[in-house]
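*Asks:* predicted model and sequence below, questions to follow.
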Amino acid sequence: MQSIVASGDESSVPEISRPRKLQALGILSGLTAGAWLGAAEAPTKLVAVGLSPIVISLIMVVGVFLARWSLPALILGTSSIRADLRRAPHLIIWALLAGCMWAVANTMTIFAIRDIGLSIAFPLWNSNSLLGIFWGFIFFGELRQAGWRRWAGVLGGALVMCVGAALLAVASSTQAPAAHSMRGVWAALGAGVLWGTMYIPYRKAYLSGMNPLSFVTFFTFGELGMMAALAIGYLGLAPLWQEVTRARDVLFWLVFGGFIWVIGDVFQQYAAKYSGISRGIPLSNTNQLWGLLWGLFVFGELRGSGTATYMHVVGGSLLMMLGVGAIAFSSAAGQEQGQWKEAARRESRRYGIAPDYVEARMQGMQVAGEIKPARSPWDWALVAGASSIFMVFATMARAPGMPFHWVPAVLLIVAILVLLFVCGVALWRTTRFN
């Protein structure tokens, strides 16, 4: 298409290699998302020191709100958000709906962590990848005309994931109080259902050409609004304020956890955009492995448990990881890519979006003549304001009194920072974060 121009140095790359490069970028983004999403759940272990799951989720969403505005402003500037709003205003509703679903799901995960532990709850709520596969096929043409080998990889991987989840559910009954273990299992699975359905708005946004950084910005209003309503409705305004005040010493860790989660979610958005939700979501669900590492080595979960419990948890996680791998590496070929393009054309016609714009954004490029985003003084003010709020929380922070092992924590932090750098550079060079 003549009106499409490359975003970086891609103009010299043969057109046939572009989809392959974007698929590889989606895979890398999904793996990076898994690492950061896994790290983001670590602060929710504060539920072990007596904080209400509702308060933990609310304060994390405050951190998410701050990060979802400041990070896009820092990376591209809010001018790109305004441009996307003008082109596809209908997506604001979808983003708000997705944010509401996320808030409820995130609260359910914290109840699950309280009842069955982080290393067990993670793989259970990652059943969302099964719904991602289903919705991707039904609504967006993913896996259609993909060939029997790719179908076998995806369905076989899904079956292996179910077996792994079943092993982890069995293990949970030995690790939580008998009165609450199944409640934790159902909470984790319910979160998986909500998160799996939440990816429908994600895919609609990217098939319409919206930048992932723009989508997450509108997404956060749904998160904060729904979470505030849940917290006030569940606890009441006065008790909520009293509990937040009592927890002032650990608020920073929860706000910071929300910030980390947003970094992971940004990469998850790019994985969904360039790999599709049927592949990108299972890739980002490698957070179950990172959650297992944080739970076992940093927080000492399962310490003193019997051999059978360790076999169930570790074996179940490995099975689920094998399933994720089988799904993720059943990459989309030419005929399936054609189905993706047809779905994008359908979204383009439905909402009156220029086809050349949609085509360009699907390839991570800009349309000829499109003004490149730039940062304004307002953007720098947003970044400074969010940073100041984080610093205020940091001045009140203290280390919570709970088991914590620093050496494995430092190793995990170094690993996720390396992934952040590698994937961030790859996204910039290939798409300029389009």
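*Replies:* Cool, got the structure.

*Asks:* quick one, what contacts the closest residue to Met198 other than its chain neighbours?
*Replies:* Of all residues not flanking Met198 in the chain, Met101 sits nearest, at 4.4 Å (Cβ to Cβ, 6 or more residues apart in numbering). The way it works is simple: take the backbone N, C-alpha and C, and place the C-beta from them, glycine included. By Cβ atoms under 8 Å, 6 or more residues apart in numbering, Met101 lies in contact with Leu194, Trp195, Thr197, Met198, Gly222.

*Asks:* switch to 7 Å and redo it
*Replies:* Contact analysis of Met101 by Cβ atoms under 7 Å, 6 or more residues apart in numbering lists Leu194, Thr197, Met198.

*Asks:* how much space between it and Ile413?
*Replies:* Distance, Met101 to Ile413, by Cβ to Cβ, to the nearest Å: 30 Å.

*Asks:* again with Leu96
*Replies:* 33 Å.

*Asks:* neighbour count: the two, which is higher?
*Replies:* Each of Leu96 and Ile413 has its neighbours counted (other Cβ atoms under 10 Å); Leu96 has more, 19 against 11.

*Asks:* so that one is in contact with Leu224, correct?
*Replies:* No - using Cβ atoms under 7 Å, Leu96 makes no contact with Leu224, being 10.5 Å away.

*Asks:* can you show me the strands along the protein?
*Replies:* 4-5, 366-367 (DSSP state E).

*Asks:* which stretch in those strands has the least confidence?
*Replies:* Per-stretch mean pLDDT for the strands of the chain is lowest at strand 4-5 (a mean of 44).

*Asks:* quick check: the closest residue to Gly257 other than its chain neighbours vs Met396, distance?
*Replies:* Closest residue to Gly257 apart from its sequence neighbours, by Cβ to Cβ, 6+ apart: Pro43 at 3.3 Å. Pro43 sits 15 Å away from Met396, going by Cβ to Cβ.

*Asks:* Lys204 and Val262, how far apart?
*Replies:* 21 Å.

*Asks:* Gly233: neighbour count?
*Replies:* With other Cβ under 10 Å as criterion, Gly233 counts 11.

*Asks:* kindly report the same for Leu97.
*Replies:* Residues within reach of Leu97, counting by other Cβ under 10 Å, total 17.

*Asks:* list the residues that contact it.
*Replies:* Pro201, Gly222.

*Asks:* quick check: Ala121 touching Ala112?
*Replies:* Yes - between Ala121 and Ala112 there is a contact at 4.0 Å, judged by Cβ under 7 Å.

*Asks:* okay, and the common contacts of these two?
*Replies:* Contacts common to Ala121 and Ala112, judged by Cβ under 7 Å, 6+ apart, are Gly184, Ala188.

*Asks:* quick check: pLDDT value at the closest residue to Ile263 other than its chain neighbours.
*Replies:* Once flanking residues are discounted, Ile263 sits nearest to Trp36: 4.9 Å by Cβ to Cβ, 6+ apart. On pLDDT, Trp36 comes in at 92.

*Asks:* got it, and Val216?
*Replies:* Taking Val216 on its own, its pLDDT is 78.

*Asks:* right, and it touches Gly264 too?
*Replies:* No - under the criterion of Cβ under 7 Å, Val216 lies out of contact with Gly264, with a separation of 11.2 Å.

*Asks:* more crowded one of these two?
*Replies:* Remark: of Val216 and Gly264, Val216 carries more neighbours, 27 against 24, as counted by other Cβ under 10 Å.

*Asks:* for the closest residue to Gly190 other than its chain neighbours, which residues are in contact?
*Replies:* Distances taken as Cβ to Cβ, 6+ apart place Met108 nearest to Gly190, at 5.2 Å, with adjacent residues excluded. Met108 makes contacts with Ala187, Gly190, Ala191, as judged by Cβ under 7 Å, 6+ apart.

*Asks:* and the gap between Met108 and Met396?
*Replies:* In terms of Cβ to Cβ, Met108 sits 28 Å off from Met396.

*Asks:* quick check, pLDDT for the residue nearest to Leu254 when sequence neighbours are not counted.
*Replies:* Excluding its sequence neighbours, the residue lying closest to Leu254 (Cβ to Cβ, 6+ apart) is Ile59, at 4.0 Å. pLDDT for Ile59: 86.
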